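# Build the 3D model from these lines:
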Amino acid sequence: MAKLKGKVAIVTGASRGIGKAACFGLAREGANIVVAARTETATKLPGTIHQTAEEIRALGVKALAVRTDVSDEASVEQMVGKTLDEFGRIDILVNNAAVAWYPPLWETPTKRWDLVIGVNLRGTFLCTKAVLPALMKQKSGSIINISSRGADIGRGTLTGIAYGSTKAAIERFSNVLGQDIKPYNIAVNSIKPRAAVATEGMIFNNPGRDYSSWDKPDDFMVKAIVFLAGQDASGVTAEVLIDDELCRK
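Residues are numbered from 1 along each chain as shown. Sure thing, here's the model as predicted:
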């Protein structure tokens, strides 16, 4: 039996990479999916929100594609409004949308720093804040924030200082909110891959690397996200988790 049948999941950054893989994992367990990202037409990178939604519908669930800039409050609120209009409820939020800037700090323009902070950290805050009224009203739900080993001490050089800083902040955000929101039976967790993931964005921005030993977007992360999507405050919450460790439990 599908574990998430009838649930509604919003996944940000869902045009490609871990976000798209998460959409498929949740859909296979019966969840209806809101594909929230900016890409509506093909770019240098593969994938659009409409392509993802079409592929999800082929699995027998509903999918709604909504162009969303997670750093823009009005855009986020519009996305959440469309979700409630279409499905009448929200059960799961996967805050996956993220960007990186790879050069060192002394080669980082302020606008690039602000972009990374805006998408990764502000976006997580805005999307979470926007769905909380619906989750609090129904007294159930799961918020899953995607982190990175870049948040760990000594591990942030691959994706840059701004990216790692946002992911470390997201882990703290998840831990504190998870404790604060317990009375409403809402789980909040942060999950990160055990190792670097060969996403389309990583490959595009770092050509020439050997990615043969890297994890793929649909490896351990999807299994971990699906598990966390089924949690509430009585289960796993306010935790910072690594995907393969969670999958072995």
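# can you tell me how far the residue nearest to the spatial centre of the chain sits from Thr43?
Geometric centre of the chain, nearest residue: Asn96, 1.9 Å, by CA atoms, centre = their mean. Asn96 is 18 Å from Thr43, where distance means CB to CB, to the nearest Å. All C-beta spots, glycine's among them, are computed from the backbone N, C-alpha and C.
# how about the helices in this protein?
Remark: helices assigned in the chain by DSSP state H are 17-28, 49-57, 73-87, 110-116, 123-138, 161-180, 200-205, 220-229, 243-248.
# The fourth one packs against which elements?
Looking back up the chat, that one is helix 110-116. With contacts defined as 3 or more CB pairs under 8 Å, 6 or more residues apart in numbering; DSSP states H and E, the packing partners of helix 110-116 are helix 161-180.
# cool, the last one as well?
Contact here means 3+ CB pairs under 8 Å, 6+ apart; on that basis helix 243-248 packs against strand 186-192, helix 220-229.
# hmm, try it at 10 Å
For helix 243-248, the packing partners by 3 or more CB pairs under 10 Å, 6 or more residues apart in numbering; DSSP states H and E come out as strand 186-192, helix 220-229, strand 239-242.
# returning to that earlier point: out of the helices of the chain, which one sits most buried?
Compared across the helices of the chain, helix 17-28 shows the largest average neighbour count, a mean of 25 (mean count of other CB atoms under 10 Å).
# Where does pLDDT dip in this structure?
Low-confidence segments of the chain (pLDDT under 70): 1, 155-157, 198, 200-203, 205-206, 213, 248-249.
# Can I get the helices and strands packed on helix 243-248 in CSV including distance to Leu177?
Below are the helices and strands packed on helix 243-248 laid out as CSV (distance: least, CB to CB, whole Å):
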stretch, distance to Leu177
strand 186-192, 5
helix 220-229, 14
strand 239-242, 12
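# Nearest to Leu59, out of those?
When the helices and strands packed on helix 243-248 are compared by CB to CB, helix 220-229 sits nearest Leu59, at 13.5 Å.
# CA atoms only for the closest one, dumped as PDB, please.
Output of helix 220-229 as PDB, limited to C-alpha atoms (Å, rounded to 0.1, in the frame of the first residue of the first chain):
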ATOM      1  CA  PHE A 220      19.900   7.300  -0.600                       C
ATOM      2  CA  MET A 221      18.400  10.800  -0.600                       C
ATOM      3  CA  VAL A 222      15.100   9.800  -2.100                       C
ATOM      4  CA  LYS A 223      14.600   6.900   0.300                       C
ATOM      5  CA  ALA A 224      15.400   9.200   3.200                       C
ATOM      6  CA  ILE A 225      13.100  12.000   2.000                       C
ATOM      7  CA  VAL A 226      10.200   9.500   1.600                       C
ATOM      8  CA  PHE A 227      10.800   8.200   5.100                       C
ATOM      9  CA  LEU A 228      10.800  11.700   6.600                       C
ATOM     10  CA  ALA A 229       7.700  12.700   4.600                       C
END
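# how far does that helix sit from the chain's center?
Chain-centre distance of helix 220-229: 11 Å, with CA atoms, centre = their mean, to the nearest Å.
# tell me what it is packed against?
Judged by 3+ CB pairs under 10 Å, 6+ apart, helix 220-229 is in contact with strand 8-12, helix 17-28, strand 92-95, strand 141-146, strand 186-192, strand 239-242, helix 243-248.
# Switch those over to a markdown table; also include distance to Thr108.
Shown next, in a markdown table, are these (distance: least, CB to CB, whole Å):
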| stretch | distance to Thr108 |
| --- | --- |
| strand 8-12 | 24 |
| helix 17-28 | 23 |
| strand 92-95 | 23 |
| strand 141-146 | 22 |
| strand 186-192 | 23 |
| strand 239-242 | 26 |
| helix 243-248 | 29 |
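# out of those, nearest to Val80?
Evaluated over the helices and strands packed on helix 220-229, closeness to Val80 peaks at strand 8-12, with 7.6 Å, by CB to CB.
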